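>>> A predicted structure for the sequence below; I have some questions about it.
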Amino acid sequence: MRSQMFRVFLVTAAVCLLFVLPAAAQDGDPIPFDDQTTPLTVLGSYANAINLGDYERAYAYWRNLPEDRSFENGTGEFDQIAEMRIAASLPVITEGAAGSIFASVSAYVVIERIPENQSLAPTNIACFVVRRSNVPEGDNAEPDPNWYLYSAEILPISIDNIELSDRVCGFDDGIAGKGMYENLLTPEDLLTSYYNAISLRDYPRAYGYWSAPPDQTLEEFAAGFQNLDGVSVYADVTGIRVEGAAGSIYTSMPVLITTTQLVGDPQGFVGCFVMRRSNVPEGDAVEPDPNWAIHSASLAPMLMPFMTSRELFEVECGG
(Lines give C-alpha, C1' and ligand atoms only; values in the text may rest on other atoms or scores of the structure.)
Protein backbone atom coordinates (compact mmCIF):
# COMPACT_ATOMS: atom_id res chain seq x y z
CA MET A 1 0.00 0.00 0.00
CA ARG A 2 1.38 3.38 -0.90
CA SER A 3 1.97 5.89 1.86
CA GLN A 4 -0.69 8.48 2.50
CA MET A 5 1.70 11.20 1.38
CA PHE A 6 1.47 9.96 -2.22
CA ARG A 7 -2.21 9.12 -2.54
CA VAL A 8 -2.89 12.44 -4.27
CA PHE A 9 -1.32 13.21 -7.61
CA LEU A 10 0.95 16.19 -7.10
CA VAL A 11 0.06 18.14 -10.21
CA THR A 12 2.36 21.09 -9.66
CA ALA A 13 5.39 18.95 -8.95
CA ALA A 14 4.69 16.53 -11.76
CA VAL A 15 4.24 19.31 -14.29
CA CYS A 16 7.55 20.75 -13.13
CA LEU A 17 9.34 17.74 -14.58
CA LEU A 18 7.01 17.55 -17.54
CA PHE A 19 7.59 20.99 -18.89
CA VAL A 20 10.98 22.21 -17.71
CA LEU A 21 13.03 23.87 -20.41
CA PRO A 22 16.67 22.83 -20.48
CA ALA A 23 19.39 24.93 -22.00
CA ALA A 24 20.06 24.26 -25.67
CA ALA A 25 22.32 21.28 -26.34
CA GLN A 26 26.00 22.21 -26.48
CA ASP A 27 29.18 20.32 -27.28
CA GLY A 28 29.75 17.72 -24.60
CA ASP A 29 26.06 17.15 -23.91
CA PRO A 30 24.87 13.53 -23.89
CA ILE A 31 24.19 11.79 -27.16
CA PRO A 32 20.53 11.01 -27.92
CA PHE A 33 19.22 7.93 -26.12
CA ASP A 34 15.83 6.56 -27.13
CA ASP A 35 14.83 3.20 -25.65
CA GLN A 36 11.46 2.15 -24.22
CA THR A 37 12.09 -1.54 -23.63
CA THR A 38 12.12 -1.33 -19.81
CA PRO A 39 10.75 1.04 -17.13
CA LEU A 40 14.24 2.41 -16.44
CA THR A 41 15.22 2.97 -20.07
CA VAL A 42 12.10 5.01 -20.79
CA LEU A 43 12.89 7.21 -17.77
CA GLY A 44 16.45 7.56 -18.97
CA SER A 45 15.23 8.43 -22.46
CA TYR A 46 12.86 11.04 -21.07
CA ALA A 47 15.59 12.78 -19.08
CA ASN A 48 17.94 12.55 -22.06
CA ALA A 49 15.37 14.26 -24.30
CA ILE A 50 14.88 17.07 -21.77
CA ASN A 51 18.62 17.56 -21.32
CA LEU A 52 19.06 17.84 -25.09
CA GLY A 53 16.14 20.21 -25.56
CA ASP A 54 14.26 17.62 -27.62
CA TYR A 55 10.86 18.53 -26.22
CA GLU A 56 8.76 16.69 -28.80
CA ARG A 57 10.53 13.42 -28.01
CA ALA A 58 10.11 14.05 -24.26
CA TYR A 59 6.37 14.60 -24.75
CA ALA A 60 6.09 11.43 -26.85
CA TYR A 61 7.06 9.29 -23.88
CA TRP A 62 3.85 10.29 -22.08
CA ARG A 63 0.52 8.53 -22.64
CA ASN A 64 -1.42 10.14 -19.79
CA LEU A 65 -0.87 13.90 -20.02
CA PRO A 66 -3.29 16.17 -18.14
CA GLU A 67 -6.00 17.45 -20.50
CA ASP A 68 -4.74 21.04 -20.32
CA ARG A 69 -1.15 20.09 -21.18
CA SER A 70 0.29 19.77 -24.64
CA PHE A 71 3.56 20.38 -26.38
CA GLU A 72 2.20 23.57 -27.91
CA ASN A 73 1.00 25.22 -24.69
CA GLY A 74 3.41 23.80 -22.13
CA THR A 75 6.98 24.36 -23.20
CA GLY A 76 7.20 27.94 -21.98
CA GLU A 77 5.88 27.23 -18.51
CA PHE A 78 9.21 26.90 -16.71
CA ASP A 79 12.60 28.53 -16.89
CA GLN A 80 15.60 26.76 -18.25
CA ILE A 81 17.55 24.12 -16.37
CA ALA A 82 21.04 22.92 -17.17
CA GLU A 83 20.57 19.19 -16.51
CA MET A 84 18.28 16.68 -14.85
CA ARG A 85 19.52 13.33 -13.51
CA ILE A 86 17.36 10.47 -12.23
CA ALA A 87 18.50 7.61 -10.00
CA ALA A 88 16.12 4.69 -9.46
CA SER A 89 15.97 2.83 -6.17
CA LEU A 90 15.59 -0.90 -6.82
CA PRO A 91 13.42 -2.91 -6.89
CA VAL A 92 10.99 -1.65 -9.52
CA ILE A 93 7.52 -2.80 -8.42
CA THR A 94 5.26 -4.10 -11.21
CA GLU A 95 1.53 -4.78 -11.05
CA GLY A 96 -1.04 -5.85 -13.62
CA ALA A 97 -4.45 -4.26 -14.09
CA ALA A 98 -7.08 -4.42 -16.86
CA GLY A 99 -4.87 -5.06 -19.87
CA SER A 100 -1.93 -3.06 -18.56
CA ILE A 101 1.27 -3.57 -16.64
CA PHE A 102 2.24 -0.72 -14.32
CA ALA A 103 5.72 -0.28 -12.88
CA SER A 104 6.39 2.01 -9.92
CA VAL A 105 9.90 3.47 -9.77
CA SER A 106 11.08 5.17 -6.59
CA ALA A 107 13.60 7.74 -7.72
CA TYR A 108 15.97 10.51 -6.73
CA VAL A 109 15.91 13.51 -9.06
CA VAL A 110 18.69 16.10 -9.16
CA ILE A 111 18.23 19.30 -11.17
CA GLU A 112 21.15 21.55 -12.00
CA ARG A 113 19.67 25.01 -12.24
CA ILE A 114 20.93 27.98 -14.19
CA PRO A 115 21.61 30.95 -11.85
CA GLU A 116 18.52 32.90 -12.88
CA ASN A 117 16.17 30.08 -11.94
CA GLN A 118 15.74 29.39 -8.25
CA SER A 119 12.17 28.08 -8.39
CA LEU A 120 13.11 24.45 -9.11
CA ALA A 121 14.36 22.39 -6.19
CA PRO A 122 17.86 21.01 -6.85
CA THR A 123 17.10 17.73 -5.05
CA ASN A 124 13.82 15.81 -5.16
CA ILE A 125 12.34 12.41 -4.41
CA ALA A 126 9.85 11.04 -6.91
CA CYS A 127 7.55 8.15 -7.67
CA PHE A 128 7.28 7.56 -11.40
CA VAL A 129 4.65 5.17 -12.71
CA VAL A 130 5.19 3.79 -16.20
CA ARG A 131 2.77 1.66 -18.18
CA ARG A 132 2.91 -0.98 -20.89
CA SER A 133 -0.12 -2.53 -22.56
CA ASN A 134 -0.37 -6.32 -22.62
CA VAL A 135 -3.28 -6.35 -25.08
CA PRO A 136 -3.59 -4.87 -28.59
CA GLU A 137 -4.89 -1.30 -28.64
CA GLY A 138 -6.64 0.51 -31.45
CA ASP A 139 -6.07 -1.10 -34.85
CA ASN A 140 -2.91 -2.89 -33.76
CA ALA A 141 -2.78 -6.67 -34.06
CA GLU A 142 -0.19 -7.03 -31.28
CA PRO A 143 0.37 -5.23 -27.96
CA ASP A 144 2.75 -2.27 -28.07
CA PRO A 145 5.98 -3.56 -26.47
CA ASN A 146 7.08 -0.08 -25.36
CA TRP A 147 6.78 1.46 -21.91
CA TYR A 148 5.33 4.97 -21.49
CA LEU A 149 5.24 7.45 -18.63
CA TYR A 150 1.88 7.36 -16.88
CA SER A 151 2.23 9.61 -13.81
CA ALA A 152 4.82 11.34 -11.64
CA GLU A 153 4.73 12.38 -8.00
CA ILE A 154 7.61 14.62 -6.95
CA LEU A 155 8.56 16.22 -3.65
CA PRO A 156 11.49 18.59 -3.11
CA ILE A 157 13.88 17.78 -0.27
CA SER A 158 16.50 19.97 1.36
CA ILE A 159 19.47 17.58 1.50
CA ASP A 160 21.34 15.39 -0.98
CA ASN A 161 20.57 11.97 0.48
CA ILE A 162 19.76 9.31 -2.09
CA GLU A 163 18.52 6.92 0.60
CA LEU A 164 15.44 9.12 1.06
CA SER A 165 14.15 7.72 -2.24
CA ASP A 166 14.01 4.11 -1.03
CA ARG A 167 10.30 4.03 -0.18
CA VAL A 168 8.92 7.06 -1.97
CA CYS A 169 6.42 4.90 -3.88
CA GLY A 170 5.15 3.54 -0.58
CA PHE A 171 6.57 0.02 -0.79
CA ASP A 172 8.58 -1.09 2.23
CA ASP A 173 10.00 -4.45 1.17
CA GLY A 174 13.43 -3.36 -0.03
CA ILE A 175 15.79 -5.47 -2.11
CA ALA A 176 15.25 -8.62 -0.04
CA GLY A 177 11.47 -8.29 -0.23
CA LYS A 178 9.48 -10.84 1.69
CA GLY A 179 11.53 -13.69 0.31
CA MET A 180 13.01 -14.91 -2.93
CA TYR A 181 12.78 -12.62 -5.94
CA GLU A 182 13.76 -13.92 -9.36
CA ASN A 183 12.99 -12.16 -12.62
CA LEU A 184 15.61 -11.98 -15.36
CA LEU A 185 13.56 -10.35 -18.13
CA THR A 186 15.04 -6.85 -17.72
CA PRO A 187 18.50 -5.67 -16.61
CA GLU A 188 17.04 -3.95 -13.56
CA ASP A 189 15.16 -7.08 -12.52
CA LEU A 190 18.31 -9.15 -12.99
CA LEU A 191 20.22 -6.75 -10.72
CA THR A 192 17.41 -6.92 -8.14
CA SER A 193 17.43 -10.73 -8.32
CA TYR A 194 21.20 -10.80 -7.90
CA TYR A 195 21.27 -8.72 -4.73
CA ASN A 196 18.13 -10.39 -3.45
CA ALA A 197 19.98 -13.72 -3.64
CA ILE A 198 23.01 -12.24 -1.89
CA SER A 199 20.82 -10.69 0.83
CA LEU A 200 19.18 -14.07 1.43
CA ARG A 201 22.61 -15.78 1.38
CA ASP A 202 21.56 -17.85 -1.62
CA TYR A 203 25.03 -17.61 -3.11
CA PRO A 204 24.66 -20.40 -5.69
CA ARG A 205 21.69 -18.52 -7.22
CA ALA A 206 23.62 -15.22 -7.30
CA TYR A 207 26.69 -16.97 -8.74
CA GLY A 208 24.52 -18.52 -11.44
CA TYR A 209 23.35 -15.13 -12.74
CA TRP A 210 26.76 -14.53 -14.34
CA SER A 211 27.00 -15.40 -18.03
CA ALA A 212 30.47 -16.77 -17.24
CA PRO A 213 31.52 -17.64 -13.67
CA PRO A 214 33.34 -14.80 -11.87
CA ASP A 215 37.07 -15.20 -11.44
CA GLN A 216 36.34 -16.92 -8.12
CA THR A 217 35.11 -20.25 -6.92
CA LEU A 218 31.63 -20.33 -5.44
CA GLU A 219 33.19 -20.64 -1.99
CA GLU A 220 35.39 -17.57 -2.55
CA PHE A 221 32.43 -15.66 -3.97
CA ALA A 222 30.28 -16.47 -0.93
CA ALA A 223 33.06 -15.61 1.52
CA GLY A 224 33.08 -12.02 0.28
CA PHE A 225 29.52 -11.48 1.57
CA GLN A 226 29.64 -13.23 4.96
CA ASN A 227 29.67 -9.96 6.90
CA LEU A 228 26.84 -8.40 4.86
CA ASP A 229 23.72 -7.45 6.82
CA GLY A 230 21.69 -5.34 4.35
CA VAL A 231 22.05 -3.83 0.88
CA SER A 232 20.43 -1.06 -1.17
CA VAL A 233 20.86 -0.64 -4.92
CA TYR A 234 20.49 2.52 -7.00
CA ALA A 235 20.80 2.85 -10.79
CA ASP A 236 21.46 6.08 -12.70
CA VAL A 237 18.84 5.77 -15.43
CA THR A 238 20.30 8.77 -17.26
CA GLY A 239 23.55 6.81 -17.68
CA ILE A 240 22.07 3.56 -19.04
CA ARG A 241 23.23 2.58 -22.49
CA VAL A 242 22.00 -0.27 -24.71
CA GLU A 243 24.09 -1.62 -27.59
CA GLY A 244 24.04 -4.65 -29.85
CA ALA A 245 27.04 -6.69 -30.97
CA ALA A 246 27.47 -10.09 -32.66
CA GLY A 247 24.18 -11.69 -31.70
CA SER A 248 23.99 -10.07 -28.26
CA ILE A 249 22.41 -7.05 -26.60
CA TYR A 250 24.43 -5.35 -23.87
CA THR A 251 23.06 -2.92 -21.28
CA SER A 252 25.54 -0.94 -19.20
CA MET A 253 24.18 0.59 -16.00
CA PRO A 254 25.87 2.95 -13.50
CA VAL A 255 25.10 1.73 -9.98
CA LEU A 256 25.56 2.77 -6.38
CA ILE A 257 25.51 0.00 -3.75
CA THR A 258 25.20 0.79 -0.04
CA THR A 259 25.57 -1.92 2.56
CA THR A 260 25.33 -2.41 6.29
CA GLN A 261 27.60 -4.94 7.97
CA LEU A 262 27.11 -7.41 10.80
CA VAL A 263 30.34 -6.06 12.26
CA GLY A 264 31.84 -2.70 11.35
CA ASP A 265 30.80 0.46 9.55
CA PRO A 266 28.47 0.71 6.55
CA GLN A 267 30.15 0.53 3.16
CA GLY A 268 29.41 1.97 -0.24
CA PHE A 269 30.46 1.05 -3.77
CA VAL A 270 29.98 2.76 -7.12
CA GLY A 271 30.63 1.60 -10.64
CA CYS A 272 29.11 -0.24 -13.59
CA PHE A 273 27.24 -3.45 -14.27
CA VAL A 274 27.06 -4.74 -17.83
CA MET A 275 24.25 -7.19 -18.58
CA ARG A 276 23.93 -9.35 -21.68
CA ARG A 277 21.04 -11.02 -23.50
CA SER A 278 21.27 -13.10 -26.66
CA ASN A 279 19.14 -12.01 -29.59
CA VAL A 280 19.74 -15.23 -31.55
CA PRO A 281 19.06 -18.87 -30.57
CA GLU A 282 21.98 -20.52 -28.81
CA GLY A 283 22.83 -24.22 -28.69
CA ASP A 284 19.82 -26.40 -29.49
CA ALA A 285 17.32 -23.64 -28.69
CA VAL A 286 14.77 -22.65 -31.34
CA GLU A 287 14.20 -19.14 -29.95
CA PRO A 288 16.58 -16.66 -28.25
CA ASP A 289 16.73 -16.91 -24.47
CA PRO A 290 14.71 -13.91 -23.16
CA ASN A 291 16.67 -13.79 -19.88
CA TRP A 292 19.51 -11.41 -19.09
CA ALA A 293 22.79 -12.43 -17.43
CA ILE A 294 25.57 -10.43 -15.79
CA HIS A 295 28.41 -10.00 -18.26
CA SER A 296 30.79 -7.91 -16.14
CA ALA A 297 30.93 -5.57 -13.18
CA SER A 298 33.40 -2.97 -11.96
CA LEU A 299 32.83 -1.48 -8.51
CA ALA A 300 35.03 0.79 -6.39
CA PRO A 301 34.68 1.89 -2.74
CA MET A 302 32.91 5.22 -2.33
CA LEU A 303 34.15 8.22 -0.45
CA MET A 304 32.25 9.13 2.70
CA PRO A 305 29.52 10.13 3.14
CA PHE A 306 28.25 7.61 0.62
CA MET A 307 24.57 8.51 0.86
CA THR A 308 24.94 11.40 -1.59
CA SER A 309 24.19 11.02 -5.28
CA ARG A 310 27.22 12.85 -6.65
CA GLU A 311 29.53 9.87 -7.11
CA LEU A 312 26.82 7.85 -8.86
CA PHE A 313 26.12 10.64 -11.34
CA GLU A 314 29.84 10.96 -12.12
CA VAL A 315 30.07 7.34 -13.31
CA GLU A 316 30.41 6.86 -17.07
CA CYS A 317 29.85 3.31 -18.27
CA GLY A 318 31.21 2.17 -21.58
CA GLY A 319 29.06 0.42 -24.14
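Yep, it's here.

>>> distance of the nearest residue to residue 153 once chain neighbours are set aside from residue 240?
Leaving aside its sequence neighbours, residue 153 sits nearest to residue 127 (Cβ to Cβ, 6 or more residues apart in numbering; 4.5 Å). No exception for glycine: its C-beta is placed from N, CA and C like everyone else's. According to Cβ to Cβ, to the nearest Å, residue 127 stands 19 Å off from residue 240.

>>> Just give me the neighbour total for the residue nearest to residue 153.
Applying other Cβ atoms under 10 Å, we find 26 residues neighbouring residue 127.

>>> Confirm for me that it is in contact with residue 167.
No: if you go by Cβ atoms under 8 Å, residue 127 and residue 167 don't touch, sitting 9.6 Å apart.

>>> Touching both of the two, which residues are there?
residue 106 (Cβ atoms under 8 Å, 6 or more residues apart in numbering).

>>> Low-confidence ranges, the stretch 1-150 of the chain, go.
Residues of the stretch 1-150 of the chain meeting the criterion pLDDT under 70: 1-30, 66-81, 115-118.

>>> Break down it into its helices, ranges please.
Applying DSSP state H, counting those that start in this stretch to the stretch 1-150 of the chain gives helices spanning 11-18, 39-51, 55-60, 71-74.

>>> How about the contacts made by the residue located most distally from the centre of the chain?
Ranked by distance from the centre of the chain (Cα atoms, centre = their mean), the top residue is residue 284, with 33.8 Å. With contact set as Cβ under 8 Å, 6+ apart, residue 284 has no partners.

>>> Over to the one 10 residues further on?
If a contact means Cβ under 8 Å, 6+ apart, then residue 294 has 190, 194, 209-211, 273-276 as its contacts.

>>> How about residue 185?
Neighbouring residues of residue 185 by Cβ under 8 Å, 6+ apart: 290-292.

>>> Compare those and tell me which has the most neighbours.
Neighbour-wise, the contacts of residue 185 (other Cβ under 10 Å) top out at residue 292, 26 neighbours.

>>> Determine the longest strand present in this protein.
Ranked by number of residues, the top strand in the chain under DSSP state E is strand 80-97.

>>> any idea how far residue 83 is from residue 190?
For residue 190, the distance to residue 83 - Cβ to Cβ - is 28 Å.

>>> Could you check which of the two has the larger neighbour count?
Neighbours were counted for residue 190 and for residue 83 using other Cβ under 10 Å; residue 190 has more, 23 against 18.

>>> Leaving out sequence neighbours, find the closest residue to that one.
Residue 190 sits nearest to residue 292 (Cβ to Cβ, 6+ apart), 4.5 Å away.
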